[in-house]
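# I would like to see how this sequence folds:
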Amino acid sequence: MLEFTLEIPTKIYFGNSIIEKAVKKQGKWIHDVVMLVTTGRTLKKLGYVDALVQWLEGMPNIKEVVVFDYISSNPRLSEIKEAVRIGKTKCVNCIVGFGGGSALDAAKAAAVGIGSAQPLESFLLEGKAPGKETLPIIAIPTTAGTGSELSKGAILSSPEHHIKTGIRGAYIYPKAAIVDPVYTWSVPQKVTMETGFDVLTHGIESFLAVKSTPFTEMLSEKVIRIVAEQLPALYKNLNNKKARESMSYASMLMGINLANAGTCLPHRMQYVIGAATDTSHGAGLAALYPSWIMHEYEVNPVKVSHVLFALSNKKVSSKNEAYICMKDFLERINLRYTLSGLGIRRDTLSALAEAVTGNITNDSLSNYKGCIAEIFAESLQ
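Numbers count the residues shown, from 1 in each chain. This next block holds a predicted model:
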C-alpha cells in the first residue's frame with residue numbers, strides 16, 4: 001500500500017443540538033475577549049447569534065464578546081481588514097466562526113490578521129504562510145458544504161486586485177469544529193443544493209487528486225454515495241432531517257479530505273469566476289463540472305468511472321457518458337448553470353484561463369496544455 005501521512009489536528013464535535021455543551025468545553029481557547037465572526041443576518045433573525053453570544057458570555061473568564069457580522073457571501077479582503085482593526089483595538093485573543101463557508105473563512109483570516117504584525121496582503125497576495133501567532137479558532141458551520149471547519153485554507157476575494165484566492169497554512173486549522181446539523185434545517189433550497197453539490201465536488205476531486213491516499217479515497221467514496229442519495233432527497237423535501245444530518249456528516253468528512261488530499265482544477269477555476277462575477281462557489285462549480293469530468297475521463301478513465309458509478313450506479317465507458325452522467329445529476333437538483341448565465345463573456349475566457357493559479361498540478365489533467373481554456377469555453381453555454 002502507498003505510504004501516506006494523515007493530519008487531523010482539529011477536535012471534532014458532531015451531533016444534533018450539541019452546540020451549547022460543546023461551546024462550554026472550549027474554555028482552554030475561549031477566554032477574555034472573543035470575536036464572533038458571522039454572516040449574521042439570517043442567523044440573527046432566527047435567534048442563533050443571540051443564543052451563541054449568551055452562551056459565550058456565560059462562560060468563566062469571558063470579559064467581552066465582540067460580534068463582527070459584516071461579511072459578504074464571498075468574503076472580501078477589505079472586510080477582513082476591518083475585523084482585524086477592531087480585533088486589535090479590542091485585544092481579541094480568540095475567534096469563533098459561525099456560519100457558512102464564508103463566515104468560517106473570514107474567521108480564519110481574521111485570526112491570522114489580528115495575531116500577526118504583518119499586513120493581510122502579505123498572506124493573501126504574496127502567499128506567506130501564517131505563523132504560530134495566529135489566534136485560536138473555533139469553527140461552527142451552519143451549512144453542509146465547504147468543510148472549512150476542518151481545512152487549513154481561508155478563501156477571500158479582493159475586487160481591487162481582481163482575485164479570489166486563499167490564505168493557507170497549518171496554523172489556521174481550527175482548534176475545534178462543532179458540527180450541529182440543526183443549524184442546517186432552515187437553509188433554503190438553492191443554498192442547500194449549491195452547498196451540497198460542493199460536498200460532492202470535494203468527494204470527487206479528492207478521490208481523483210494526485211495527492212489522494214487509500215484513506216482519503218475511502219472517505220470520498222462514502223461521501224459520494226451519501227450525496228447521491230441524500231441531496232436529491234432534500235431537493236424533494238427540505239424538511240428531511242435525516243438527510244440534513246447525513247449531508248452535515250458528509251461535509252465534515254470532506255473537510256478532512258480537503259486538508260489531506262486537496263481539490264482539482266474546478267476549484268481553482270471557480271475562484272477566477274467568483275472574482276469576476278461575485279457569484280456563488282457552488283454555482284461556478286456546477287457550470288464547470290460536466291465539461292471538466294468529460295476531460296478528466298480522458299486522462300483518468302478508471303477512477304472517473306468509479307466515482308460516477310458511486311454517484312449514479314451506472315457504468316460509464318466514454319467521455320460523453322461521463323458528461324451526460326454529471327449533467328443528469330445536476331438536472332436532478334436543479335443546478336442548471338452556465339458561465340454565460342453567471343455573467344462571463346466569451347471575449348474574457350482567455351484572460352480567465354491565464355488567471356487560474358495555485359496548485360493545479362494536483363489534477364493530472366493540468367499536464368495537458370489548453371485544457372483550462374477548453375473547459376471554460378465548453379462551459380459557456
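
# please make it C-alpha for all contacts and neighbour counts, starting now.
Will do.

# the stretch 101-250 of the chain: strands as residue ranges?
137-141, 153-158, 163-168, 176-179 (DSSP state E, counting those that start in this stretch).

# got the angle for the second one vs strand 163-168?
Yep, that's strand 153-158 we're talking about. Relative orientation of strand 153-158 with respect to strand 163-168: 150 degrees, computed using axes from the mean of the first three to the mean of the last three CA atoms, to 10 degrees.

# and if you look at the first one?
An angle of 120 degrees separates the directions of strand 137-141 and strand 163-168 when computed by the same axes, to 10 degrees.

# which other helices and strands does strand 137-141 contact?
For strand 137-141, the packing partners by 3 or more CA pairs under 8 Å, 6 or more residues apart in numbering; DSSP states H and E come out as strand 94-99, helix 101-115, strand 176-179.

# closest one to G87 among those?
helix 101-115 (6.0 Å; CA to CA).

# how many residues are close by L36?
By the criterion of other CA atoms under 10 Å, L36 has 24 neighbours.

# how about the nearest residue to S305, chain neighbours excluded?
V316 (5.4 Å; CA to CA, 6 or more residues apart in numbering).

# immediately after whichever strand or helix holds S305, which helix or strand?
Element membership of S305 [criterion: DSSP states H and E] is helix 301-312. Note on helix 301-312: by DSSP H and E, the next helix or strand toward the C-terminus is helix 319-332.

# residue ranges with poor pLDDT in the stretch 1-150 of the chain?
Segments of the stretch 1-150 of the chain classed as low confidence (criterion: pLDDT under 70) are 1, 40.

# at 50 what do you get?
Scanning the stretch 1-150 of the chain for pLDDT under 50 picks out nothing.

# pick out the residue nearest the middle of this protein.
By CA atoms, centre = their mean, the mean C-alpha position of the chain lies nearest to T146, the distance being 2.6 Å.

# list the contacts of the nearest residue to it once chain neighbours are set aside.
The shortest distance from T146 to any non-neighbouring residue, by CA to CA, 6+ apart, is to G101 (5.4 Å). Residues in contact with G101, defined by CA atoms under 8 Å, 6 or more residues apart in numbering, are P141, T143, G145, T146, G147, S148.

# list the contacts for the third one?
Contact criterion CA under 8 Å, 6+ apart gives G100, G101, E194, T195, G196, F197, D198, V199, M247, S248, S251 as the residues in contact with G145.

# need the buried ones from those selected in PyMOL.
Only the buried entries of those go into this PyMOL selection, using 16 or more other CA atoms under 10 Å:
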select buried, resi 100+101+194+195+196+197+198+199+247+248+251
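
# picking up where we left off before, list the contacts for the residue nearest to the centre of the chain?
Taking CA under 8 Å, 6+ apart, we find T146 in contact with G100, G101, T195, D198, V199, S251, G255.

# restricted to helices, list the residues you listed.
Residues of the contacts of T146 located in helices (DSSP state H): G101, T195, D198, V199, S251, G255.

# of these, closest to E221?
V199 (11.9 Å).

# mind naming the longest helix for this protein?
Determined from DSSP H, the single longest helix within the chain is helix 214-236.

# from the contact counts, what lies against it?
Using 3+ CA pairs under 8 Å, 6+ apart: helix 214-236 touches helix 189-208, helix 241-260, helix 301-312.

# quick check, L36 in a helix?
No: looking at L36 with DSSP: H, G, I helix; E, B strand; the rest coil, it is strand, so not inside a helix.

# ok, now how distant is it from A111?
L36 sits 11 Å away from A111, going by CA to CA, to the nearest Å.

# overlap of the contact sets of the two?
Counting by CA under 8 Å, 6+ apart, the residues touching both L36 and A111 are I95.
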